[in-house]
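[1] Provide a 3D model corresponding to the input given below.
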Amino acid sequence: MKEVLKFIDSNNIYDDLIVSFDTEGNPYSYYGSDKWYLWSLSFNVSFSRLSGTFQSTVKYLVHKVISNDSLKSKKSAIKNIIEGAVIFEKCITGCNGLSYDFIDDDESFRRLLVEAKSKSLKFKTWKNNLVFLSHLHNAEVITREIKNYEELALYLSVSGASVSQAVCIPESIASKYYGEALSVIETYYPYRNEISSCYDDYVSEYLESSKRYKSNISARRYALKNVKQLPNNIDIQFDYSGSWLSWLRGACYTVIAAFTGCRDGEIKSFDIDSYQEKKYAGMTVPVLHGLDTKPNAGGVARHTSWVTIPSVKKAILLLWDAFSFAREKWREKADSIVHPDERNAFLEKVDSLFVTLPYMRGHRPEAGKQSLAHSLNTFVKSIGYRATKDDVQEFDLLNPSRKGELKIGQMLKVHPHAFRRTFAVYLVRNKLASLLDIKYQFKHMNIAMTSWYANQANIASYVDMMIDQDLQDEIAGENQNYMTDVFYHIYNEAETLAGHEGKRIKNLRAEGDTRIYLNREEIRKQVQDGRLSIVEHPGGYCTNPDCDRICDMTTCQYKIVTKDKAKTLVNIREKLIIKYNDIESLGLDMPNVTSKLFYEIRAIEQVLSEHHLEYVAFNKKDTY
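    Residues are numbered from 1 along each chain as shown. Predicted structure coming up:
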């Protein structure tokens, strides 16, 4: 340990130690710098949030990680070290400590925990931050060993171990947001190049006129007069800060996120060439290619594909071309970067799908989390949709860990991951088709998407693509949530039930069988273990785990029909009656067919009776 502290407190004698080389093999970053450019990892490390001995210690830890050839996920390890180091420096200095060995003293450690608890951070955040302490201990910087990180993270967490799931957007709200976003794309897509050209004129003229006019209003008025080739058919709003462009970006982001299920980082990995179309089973399947951003072995990003809809191509092209004036300005700035590695890295970011405006305060060409969050909020506010009572009830049902967060009359703000969870939930609960039918006839894409996520391995290998396994797992998890909700309703809430299995459950409930009144956790555990399973049919549910959906639902011993499902049978019954009467009126001799139709009609009527739904009984003498 003395050798370690000697290295850390070495009065800057290691400042000239080389920590990275450029692509030509020349020394690039040095130990004494506040920022290390690690070209081999495509990653930069900044120590600017740390000070004094804290910074010296963290540099030592990061250098150990870089030098460890056997460590695969170096980028992930370094990120954990930096984030943990920053929060623990704040906690230690808040207790008047001067270095990380403050942790070794028992009394100091108790004070540190009180300070840490006051930071009001979540369980998962503390779990990640506490990894830093293991780096300190393994490097012999501290002697205290934390043996149960989960227990300590739970103690420090502001909300215990509970992790709020990403929001699933209620159907009416999603329809409004997605429909408006699609409408924006269709409206502005034909004028995408004109948008860029006009904004280029406006910004150039505004910068010039602001030198002559003290008033921003005067400068803006002059700039607007000098915009060339302004389209007459659409409404383009001009402002130096780019608020309207931010709104447009929010609409494009919504379409891409809503109809792919991608993470935020994966969406940012898309570029002008990401959209392709593949042929499969007689269908044209639109596909996006990007990078799976979840940490992988060796820190190498995987190329992954997501099935989508044709409008995503328009959203990508609209984003790319409408912001092309900004990209050109960023490219001009790149000319002043001397080092080729730095310039190439900069230009790579310029070719991102989401770019910032180069004349604003930002110094990075790629749009960050705050920029995109602002774009989404601006777009949502422009729609002005406020939650109804039904929206709130659906929100609470789909988001039990967030029950009560959405109030009647509120606007629902959306986080990027909300689109991913909504995609998974709607795919499982057969709501995706209705969203795909918003204004533009995409309903046929539901077949492609459902096929993709039901038979991913087969389709992916056929078209030579990698699947998003995490999204597939998330969809499987939502399927378990859905089965849990259905079983909970059947076991505990449904006032009437029909079908063989439905009647059995109803009788057990009437007899007060305690096995039936299960809570959600018990049901979910049985679903996960495979002891409970349910398959949805057009006219009910089947609890046979091996159900192939082609059995005779009228005689199936596993059948359950809830009241909602029974109501859908009314139209089916009417169609069966019409079919029966058509055969009879034509005088066709088809006794097997008419007998089966009559039996199915009677079976539906039995279900309607059991749910106390009104109908006029059918008999063979009736004519329609």
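[2] Can you give the contact residues for stretch 524-534?
    For stretch 524-534, contacts defined as C-beta atoms under 8 Å, 6 or more residues apart in numbering pick out 480-481, 483-484, 486-487, 518, 523, 541-545, 560. (C-beta placed from N, C-alpha, C; glycine too.)
[3] can I get those residues in a markdown table with distance to H363, secondary structure and pLDDT?
    Below are those laid out as a markdown table (distance: C-beta to C-beta, whole Å; DSSP: H, G, I helix; E, B strand; the rest coil; pLDDT from 0 to 100):
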| residue | distance to H363 | secondary structure | pLDDT |
| --- | --- | --- | --- |
| Q480 | 45 | helix | 78 |
| N481 | 43 | helix | 80 |
| M483 | 50 | helix | 81 |
| T484 | 48 | helix | 83 |
| V486 | 52 | helix | 82 |
| F487 | 54 | helix | 83 |
| L518 | 57 | coil | 72 |
| I523 | 53 | helix | 84 |
| Y541 | 57 | strand | 81 |
| C542 | 59 | strand | 81 |
| T543 | 60 | coil | 81 |
| N544 | 61 | coil | 79 |
| P545 | 57 | coil | 70 |
| I560 | 61 | strand | 85 |
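[4] which residues are contacting stretch 566-574?
    Against stretch 566-574 from outside (C-beta under 8 Å, 6+ apart): 498, 538-539, 561, 601, 604-605, 607-608, 610-611, 613, 615, 618.
[5] sorry, back to before: closest to S401 among the contacts of stretch 524-534?
    Minimum distance to S401 across those is 11.1 Å, recorded for N481 (C-beta to C-beta).
[6] Count the neighbours of the closest one for me.
    21 (other C-beta atoms under 10 Å).
[7] Give the buried residues for stretch 136-155.
    Across stretch 136-155, burial judged by 16 or more other C-beta atoms under 10 Å covers 136, 139, 141-142, 146, 149, 152-153.
[8] before we move on, what about stretch 205-216?
    Applying 16+ other C-beta under 10 Å to stretch 205-216 flags 205-206, 209-210, 213 as buried.
[9] Next, format those residues as TSV and append pLDDT, distance to E24 and secondary structure.
    Below are the buried residues of stretch 205-216 laid out as TSV (pLDDT from 0 to 100; distance: C-beta to C-beta, whole Å; DSSP: H, G, I helix; E, B strand; the rest coil):
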residue	pLDDT	distance to E24	secondary structure
E205	78	43	helix
Y206	79	42	helix
S209	77	45	helix
S210	73	43	helix
Y213	73	49	coil
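[10] before we move on, what SS does G290 have?
    Three-state call for G290 (DSSP: H, G, I helix; E, B strand; the rest coil): strand.
[11] Likewise for V227?
    Here V227 is recorded as coil under three-state DSSP.
[12] so what's it up against?
    198, 201-202, 205, 238.
[13] so which of the residues you listed comes closest to K228?
    For these, the nearest to K228 is D201 (5.4 Å; C-beta to C-beta).
[14] Buried ones only from the contacts of V227, please, as a PyMOL command.
    Burial among the contacts of V227 is assessed by 16+ other C-beta under 10 Å; the matching PyMOL selection reads:
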select buried, resi 198+201+202+205+238
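[15] Mind checking which of the contacts of V227 are in strands?
    Judged by DSSP state E, strands contain none of the contacts of V227.
[16] want to try JSON lines for the contacts of V227, with distance to G32 as columns?
    Putting these into JSON lines (distance: C-beta to C-beta, whole Å) gives the following:
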{"residue": "C198", "distance to G32": "48"}
{"residue": "D201", "distance to G32": "47"}
{"residue": "Y202", "distance to G32": "45"}
{"residue": "E205", "distance to G32": "46"}
{"residue": "F238", "distance to G32": "47"}
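[17] Next one, pLDDT for the spatially most central residue of the chain please.
    The centroid of the chain falls nearest to H417 when counting by C-alpha atoms, centre = their mean (2.6 Å). H417 carries a pLDDT value of 87.
[18] can you check E115 too?
    E115 is given a pLDDT of 94.
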